[in-house]
Structures are given as C-alpha cells and as structure tokens.
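1. below are the sequence and a predicted model; questions follow.
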Amino acid sequence: MKIATFNVNGINRRLDNLLDWLNASRPDVVCLQELKATDGQFPKTALEAAGYGAVWRGQSSWNGVAILARDREPIMTRAELPGDPSDTQGRYIEAAVNGILIASLYAPNGNPQPGPKYDYKLAWHDRLAIHAAELFATGLPVVLAGDYNVVPEPRDIYPTRSYDNNALVQQGSRDAFRRLLDQGWLDALRKVHPEGAIYTFWDYRRNRWERDAGLRLDHILLSRKLKRRLGGAGVDRDARGLEGASDHAPTWITLAN
C-alpha cells in the first residue's frame, strides 16, 4: 500500500500536474494540502476520472485539505482538529481507507514570529498533540500525513542563516514535532533514510530549486501498529522541477500488507 502527502499549492491551478503525478505514481492514498478552493470548487469529477474517490475540507483562497483513495471512497471520520470550536480554518481531515485511519493536516506557518500567528501555530500544534495521543492510545493503525510547517532538525534545511528568525525552525516549533515522536509516532521518512539531508519544499524565490536549497516540511507519522509494516519511503523530487509545479514535492511511504 502506497500512501503519499502532497501540498499542491492550489489544486485547480496545479490540476494537470497532480493528475500526471497520480497517473505515473499510482499511490493508493494521497493526503493533499493547500487546496486554495472552496468545497464547490474541488475537482471531484476530474479525480474520479483518474480513478480516485475523495473527501475534502475546502476554504476560499487558502488552506484546504483532502484525502484521495484509488478505486475506493474514503470514509470521512472528522473534518476539523478538535479543541477549539472557534477555529474555522480548513487544516485537518480524517478518513478511514482500507482499514487504516488517515489524517491529512496542514499546520499553520506561524510567520512572522513572534506574534499572534506564531502563537496560533503553537496552540494548533498543542491541539494536534492532544488528539494524536488519543489516536495513538486506541492502538489502531493510524497515519498522520501532511505539511507540518516544521523543520525538525538542522540537517532538514539547506545550509543558511536566512531562516534563523523563521517560525519553521524555532525551538518551539521543533519541540512541538518532537512531542509527537515522544508519544511513539514514527517519522517514516527518517526511519528509511536515517542519514543526510532530505528536502520536500523549495521556495520559488532566489532560485532555491535550482540550487537545491530545500527544507523538509512534509512528514508522514505512523502509529505503533504500522511501524512493522513500513517498507520504502521517498520524495518525488522531479515533480518540483516541472512547469507550473507546486513548491512542494510529493512525499510517500509503502506499507506491507
């Protein structure tokens, strides 16, 4: 079973790129972020034609998350992150697919920091940690996949000082990610590739793609029951170099049956 996460940075604007990648890669499940589309603007028909059922939580102009499943319909179990009923941002969705509970998440960026946006980022991650602990305690097979907007370690960003004040690399952000790992979740990409730099995002500015000046922001975390099933993991870097590409590349894992 192949499970991927992909921040598409505008699903309708990048639809051709997404469909080409789906056809070439054939993932069984895909977690999408940054749809930048309302519920009514979600390209359900085009995805169905490509062989994918979908559930989604849209939002106009920004945010938005979805879960796709090949040759089946995901069963949505949750369309928001619990803990703050006043938070209306479309950043979290859960669905059951083939016996696995899948979450697609798009964590807040948090910039500029310090300030209210960073405070919201940390509060959102606190809510995620509480919910993740509850999911982990069930003993069910669970995948938490998405754009966490956290660079976990210095090796997960190209050598630079330009991000020193960025919310993505602050200790509070890294502590939030570490809190999940301390609960027992497995960072699947790092498990398969324990050494060296791995990037999933390259900013459009300053020729960062051409210079391979990347960051690792997209992560797939596995609950205890799935750890022993982990096979491969990787990043489809070539997708980032195509015309009209998202600034993120698809990140994926494979699970043994």
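-> Yes, it's here.
2. burial measure for Lys117, as a count.
-> Lys117: 14 surrounding residues under other CB atoms under 10 Å. (C-beta placed from N, C-alpha, C; glycine too.)
3. show me what contacts the residue nearest to Arg206 when sequence neighbours are not counted?
-> Closest residue in space to Arg206, ignoring its immediate chain neighbours: Ala213 at 7.4 Å, by CB to CB, 6 or more residues apart in numbering. Residues in contact with Ala213, defined by CB atoms under 8 Å, 6 or more residues apart in numbering, are 158, 160, 202-203, 206-207.
4. helix, strand or coil: sort out Ala213 for me.
-> Classification of Ala213 by DSSP: H, G, I helix; E, B strand; the rest coil places it in coil.
5. phi first, then psi, for it.
-> Main-chain dihedrals, Ala213, degrees, to the nearest 10: phi -90, psi 80.
6. also Arg205?
-> phi -80, psi 160.
7. any idea how far it is from Glu243?
-> Distance of Arg205 to Glu243, computed by CB to CB, to the nearest Å: 18 Å.
8. those two: which has the busier surroundings?
-> The residue with more neighbours, out of Arg205 and Glu243, is Arg205; 9 against 6, by other CB under 10 Å.
9. which of the contacts of Ala213 ranks first by neighbour count?
-> Comparing those by number of neighbours (other CB under 10 Å), Trp202 comes first, having 24 neighbours.
10. and the gap between the residue lying closest to it once chain neighbours are set aside and Arg237?
-> Among residues not flanking Trp202 along the chain, Trp209 sits closest, at 4.2 Å (CB to CB, 6+ apart). Note on Trp209: its distance to Arg237, by CB to CB, is 9 Å.
11. so between those two, which is more surrounded?
-> Trp209 (20 against 17).
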